[in-house]
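Undergrad: Need the 3D shape of this:
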Amino acid sequence: MEAPHPDGRAADAALSGRVGRRRAVQIALASGSALALGLWWVLPSDGPSYPHRPISFATGVADGVYEKYGVLLKSDLVTALPGVDVRLVHTAGSVDNIERVVSGRSDFTIAAADAVADYQGPGKGDLRACARLYDDYMQLVVPRDSKVRSARDLRGLRVGVGQAGSGVNLITRRLLTAAGLDIAKDITAYPVGIDQAPAMLLSGRLDAFFWSGGLPTAAVTAMATPVARIRLVQLGDLVGRLHAMGPRMQYYRQAVMPADAYPKAQGGQAVATIAVANLLVTTDRADAGLVQRLTRAVIDSRDAIGKKVHAAQLVDLRTAVFTDPLPLHVGAARYYRSVKP
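TA: As a prediction, this is how the structure comes out:
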């Protein structure tokens, strides 16, 4: 866990007591910088103060788990952050999300740990994590009668590889390399995500597509019917080759999609694959009180969100602090300290 910022000790002391309304007005009037920014600081009695202004939350593609998680979390933030207008933004996925946050176009986002580690652009050192959320599982979907039994069998086929700027595309490129395939020469790559790939597969315009998401992903579940007749292809045989490709591959772990993830598509069988952790990401510019309250909302909303987004059931206070490769934001660290037994 990240140590408290030296400047945070005075803030922590101020947060430990209740600030009266008269004192709050005095603070607001004395804060020339806050007035210059046009901010109104909300001082609720049940937690740390935070700026009352709109915040942008970058999610992902339509029908993806990021998007559904963001919609449900927004509802909980109405209670957790009264007076804050949370604005959701559709994006291409993890890579796009990171670029949005470091550039200041979004305040918070969800991104896969491998995409965070891969980012080497401006503002990399500003990135901070609020929590480790749930794992994404790499899924290779084909028609049930397809001859594809591993990624190596995709040679010469039409394959959905995820949108540019998505975590799916990042992982897919690495998996194809591990399988000995050149994405530019050995397959016909279609840069489509989960919002388009299922319909393209079912209509015969794709032979296969890759997807990286929590289990189960609703769009894949919708395909897994006796009529659609799809199948999930194992990717477990590529884990060793993937890890041999360099230190950035350490964020991928060997995993198994349980037989009940997509029971109509797996024939009662578990499917070996790879998984990567998702992180709730912001920057060190985010207000500590805001981050502390938002982090609490993420942990407290697990069960309610998990009823609709099953992957969210895996959000856990005990593992949320393990946010490698990012340090915890000081506000998130304060929250975890406050609930530590």
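Undergrad: Please name the nearest non-neighbouring residue to Gln313.
TA: Spatially, and ignoring its direct neighbours in sequence, Gln313 is nearest to Gly306 (3.6 Å; CB to CB, 6 or more residues apart in numbering). No exception for glycine: its C-beta is placed from N, CA and C like everyone else's.
Undergrad: Give me the phi and psi for that neighbour.
TA: Here is the backbone geometry of Gly306 (degrees, to the nearest 10): phi -60, psi -20.
Undergrad: residue contacts, it?
TA: Residues near Gly306 by CB atoms under 8 Å, 6 or more residues apart in numbering: 312-313, 315.
Undergrad: got it, and Thr295?
TA: So Thr295 contacts 130-131, 280, 331-332, 335-336 (CB under 8 Å, 6+ apart).
Undergrad: how far away is Gly320 from Val161?
TA: Gly isn't right for residue 320; it's Ala. Counting by CB to CB, to the nearest Å, the gap from Ala320 to Val161 is 31 Å.
Undergrad: between those two, who's got more neighbours?
TA: Val161 (26 against 23; other CB atoms under 10 Å).
Undergrad: Show the pLDDT at that one.
TA: You'll see Val161 listed with a pLDDT of 98.
Undergrad: One more: Arg21?
TA: On the pLDDT scale, Arg21 is placed at 41.
Undergrad: Begin at 783, not 1, for the rest of this chat.
TA: Done: numbering now begins at 783, and the last item shifts to Arg803.
Undergrad: any idea which residue sits dead centre in the protein?
TA: The centroid of the chain falls nearest to Ile892 when counting by CA atoms, centre = their mean (3.1 Å).
Undergrad: what domains does the record give for the protein?
TA: Per automatic domain parsing, the domain ranges recorded for the chain read 790-916+1061-1121, 918-1059.
Undergrad: least reliable of the ones you listed going by mean pLDDT?
TA: domain 790-916+1061-1121 (a mean of 84).
Undergrad: Could you tell me how many residues sit around the closest residue to Leu936 other than its chain neighbours?
TA: In space, and not counting its chain neighbours, Leu936 is closest to Ile969: 5.4 Å by CB to CB, 6+ apart. Residues lying near Ile969 (other CB under 10 Å) number 20.
Undergrad: Correct me if wrong: Ile969 contacts Gly938.
TA: Yes. Proximity of Ile969 to Gly938 meets the contact threshold set by CB atoms under 8 Å, at 7.1 Å.
Undergrad: what about the strands in this protein?
TA: 822-824, 832-834, 837-840, 868-871, 890-894, 909-925, 940-942, 970-972, 990-995, 1012-1015, 1035-1039, 1053-1065 (DSSP state E).
Undergrad: Same list (those) but as TSV, adding distance to Ala981.
TA: Below are the strands of the chain laid out as TSV (distance: least, CB to CB, whole Å):
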stretch	distance to Ala981
strand 822-824	45
strand 832-834	42
strand 837-840	25
strand 868-871	24
strand 890-894	25
strand 909-925	12
strand 940-942	11
strand 970-972	12
strand 990-995	10
strand 1012-1015	12
strand 1035-1039	22
strand 1053-1065	23
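Undergrad: do you know which of these lies nearest Val877?
TA: For Val877, the closest of the strands of the chain is strand 890-894, at 7.9 Å, according to CB to CB.
Undergrad: Identify the residues contacting that closest one?
TA: Contacts of strand 890-894 (CB under 8 Å, 6+ apart): 837-842, 848, 851-852, 873, 876-877, 879-880, 882-883, 912, 915, 918, 949, 952-953, 994, 1033, 1058-1064, 1068, 1076.
Undergrad: Excluding sequence neighbours, find me the nearest residue to Val930.
TA: Nearest residue to Val930 in three dimensions, chain neighbours excluded: Val924, at 4.9 Å (CB to CB, 6+ apart).
Undergrad: Tell me the spacing between the one you found and Ile976.
TA: Going from Val924 to Ile976 by CB to CB gives 15 Å.
Undergrad: what's the answer for Val1091, then?
TA: Separation of Val1091 from Ile976 (CB to CB): 14 Å.
Undergrad: Between those two, tell me which one has more neighbours.
TA: For Val1091 versus Ile976, neighbours defined as other CB under 10 Å are more numerous around Ile976 (30 against 23).
Undergrad: Torsion angles phi and psi at the more buried one?
TA: phi -70, psi -10.
Undergrad: which residues touch it?
TA: Counting by CB under 8 Å, 6+ apart, Ile976 touches 843, 845-846, 950, 993, 995, 999, 1001-1002.
Undergrad: Most neighbours among those residues, please name it.
TA: Val950 (33 neighbours).
Undergrad: so that residue makes contact with Ala979?
TA: No. In this structure Val950 lies outside contact range of Ala979 using CB under 8 Å: 9.4 Å.
Undergrad: Tell me the residues that contact both of the two, please.
TA: Counting by CB under 8 Å, 6+ apart, the common neighbours of Val950 and Ala979 are Trp993.
Undergrad: what's the closest non-adjacent residue to Phe991?
TA: Excluding the flanking residues, the one nearest Phe991 by CB to CB, 6+ apart is Gly942, at 3.0 Å.
Undergrad: what sits opposite that neighbour in the beta ladder?
TA: Taking DSSP bridges as the rule, Gly942 bridges to Tyr972, Phe991.
Undergrad: List the contacts of it.
TA: Residues in contact with Gly942 (CB under 8 Å, 6+ apart) are 972, 974-975, 978-979, 982-983, 988, 990-992.
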